[in-house]
Structures are given as C-alpha cells and as structure tokens.
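K.L.:
next input, structure requested:
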Amino acid sequence: MTRWNRHFELHPIDWTKEAGYDKYFEWLCETHDKPIVLRELVSEVVSGIAYPRSEVIAHFAGPGADYFTNTISWMLALAIWELDVEGDKEGEIGLWGVNMAQHGIGGKSEYAKQRPSCEFWAGMARGRGYKFHLPDASDLLKTGVLYGFDQGGMLWTKMRERDKELQGRIDTAAQMKDRCAQEELFLRGALECNHYWKQWINDTKGYAT
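P.N.:
Numbering: from 1, shown residues only. I've put the predicted structure just below:
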C-alpha cells in the first residue's frame, strides 16, 4: 500500500515472524517515514512507536474505558483521544473496509465477539460530537429490523420461513447421508462375506476365485 499515514500492529511481534505472514516482519523492520504503532517498542522495528495505552484508557475513565477486542477499536479510541486533546471539535472520523460481519462460512467468525467493541467506540465518537463516516455497505451500526416495530414485517417473515426450509433440507440431506453410509457398510460386509466363500470354490470347475 502506498497511501497510508500510520500502520498498526498490536499483536505480539513474534506472530508476524510465522510462515503464514510471508515477508511481513521484514517489511515492519524496514525504515519508514511514517510510524508503525506497536503494542510495545521492539528494537528491530526502527520506525515503531508504542501505542499510548495507559493514556487512552485513563482518558476514557469509567465503564467501557478498557473495552477493546480488536485493533480497529484501539484505532478509534486513539483517534478520539487525539481530537479531544487537540480540542478539534470539527474533527471527523471514518471507517472504510471494516464490516465485522458476524457470520462466516460454517459458523460464526471471530468478528462476532469483536463487532460490539467497534460499535461502542463508534458511538463514543458520535456522542462526543465528531462527524462519523461509515459506508452504507458496512455491517457496523446496522440492523435489519427495528426491534419491537418491524419484527412482524414481510421481510422478517420470509427470512424466518426460509430458515425453516433450508434447515429442513439440511436435515433431509443428513438423513440420506446416514442411510447411504449404512448401506455402504452393509454392502462392504456382504462383499467381504462373498470373498470368504469364494475361497472354497474349486477353480478347476471354472468358477472365479
């Protein structure tokens, strides 16, 4: 990426050395003209600066001041803190490319427990009067229905019935899978039995062995 101002890496630095990260650690260690925000200073990361964790948490003293379940939340809190300290009442904060979609393939993703923290700090920004930008396509701060008012609507009903239909088809497919597995076991047993009796057949009479 060429368009960036600060890079955040708040995970343990040793994680970035693992094979799955390719040359990420080497990139972190390069000299950059922009800061690399770390959980703590690391000698190899020459452009690194430490995230002001204590100052940020102290600034938001009270319930939720330490409510951080992901890097995005730390970034939002830092942005709010900096604007507060600067006294910039016209400051603007935005999130792009952040969805925190709660469902993943095969079950819930890790974002299920991370999304509420992001929404808390987004609310903190709005509550302080800062203009907050969020794309319509983002899952954050969105709801499909207004609780107590829209739950009987047509879309909600269709989605609920669609859930029932799909779950029924899944159950049927699972039952068919079980029946096929049982039939496979039966047929394998029958074939094994057949192989046993074949050993007693005299091949000279023209029977297969």
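
K.L.:
after the helix-or-strand element of the chain with minimal mean pLDDT, next one along is what?
P.N.:
Every helix and strand of the chain was ranked by mean pLDDT, DSSP states H and E. The lowest is strand 107-108, at a mean of 64. For strand 107-108, the following helix or strand on the C-terminal side (DSSP states H and E) is helix 111-127.

K.L.:
which strands and helices sit next to the next helix or strand after that next one?
P.N.:
The helix or strand immediately downstream of helix 111-127 is strand 131-133, counting by DSSP H and E. Applying 3 or more CB pairs under 8 Å, 6 or more residues apart in numbering; DSSP states H and E, one finds that strand 131-133 makes contact with strand 92-94, helix 111-127. From N, CA and C alone the C-beta is placed, and that goes for glycine too.

K.L.:
closest to H11 out of the ones you listed?
P.N.:
For these, proximity to H11 was assessed by CB to CB; helix 111-127 is nearest, at 13.6 Å.

K.L.:
got the buried residues for that closest one?
P.N.:
Neighbour-count burial for helix 111-127, counted by 16 or more other CB atoms under 10 Å, picks out 111, 114-115, 117-122, 124-125.

K.L.:
select, out of the helices and strands packed on strand 131-133, the one closest to W197.
P.N.:
Put simply, out of the helices and strands packed on strand 131-133 the one that sits nearest W197 is helix 111-127, at 57.0 Å, with distance taken as CB to CB.

K.L.:
tell me how far the closest one lies from the chain's centre.
P.N.:
Shown here is helix 111-127, whose average C-alpha point lies 14 Å from the average C-alpha point of the whole chain (CA atoms, centre = their mean, to the nearest Å).

K.L.:
with just CA atoms, put that helix into PDB.
P.N.:
Extracted in PDB, the C-alpha atoms of helix 111-127 (Å, rounded to 0.1, in the frame of the first residue of the first chain):
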ATOM      1  CA  TYR A 111     -15.800 -10.900  14.400                       C
ATOM      2  CA  ALA A 112     -18.900 -12.000  16.400                       C
ATOM      3  CA  LYS A 113     -17.200 -11.100  19.600                       C
ATOM      4  CA  GLN A 114     -15.200  -8.100  18.100                       C
ATOM      5  CA  ARG A 115     -18.000  -6.200  16.500                       C
ATOM      6  CA  PRO A 116     -19.700  -4.800  19.700                       C
ATOM      7  CA  SER A 117     -16.400  -3.100  20.700                       C
ATOM      8  CA  CYS A 118     -16.100  -1.400  17.400                       C
ATOM      9  CA  GLU A 119     -19.700  -0.200  17.700                       C
ATOM     10  CA  PHE A 120     -19.100   1.100  21.200                       C
ATOM     11  CA  TRP A 121     -16.200   3.300  20.100                       C
ATOM     12  CA  ALA A 122     -18.100   4.400  17.000                       C
ATOM     13  CA  GLY A 123     -20.800   5.500  19.400                       C
ATOM     14  CA  MET A 124     -18.300   7.200  21.600                       C
ATOM     15  CA  ALA A 125     -17.100   9.200  18.600                       C
ATOM     16  CA  ARG A 126     -20.600  10.300  17.700                       C
ATOM     17  CA  GLY A 127     -21.500  11.000  21.300                       C
END
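
K.L.:
give me the mean pLDDT for it.
P.N.:
The predicted model gives helix 111-127 an average pLDDT of 93.

K.L.:
helices or strands up against that helix?
P.N.:
Using 3+ CB pairs under 8 Å, 6+ apart as the contact criterion, the elements in contact with helix 111-127 are helix 71-86, strand 131-133.
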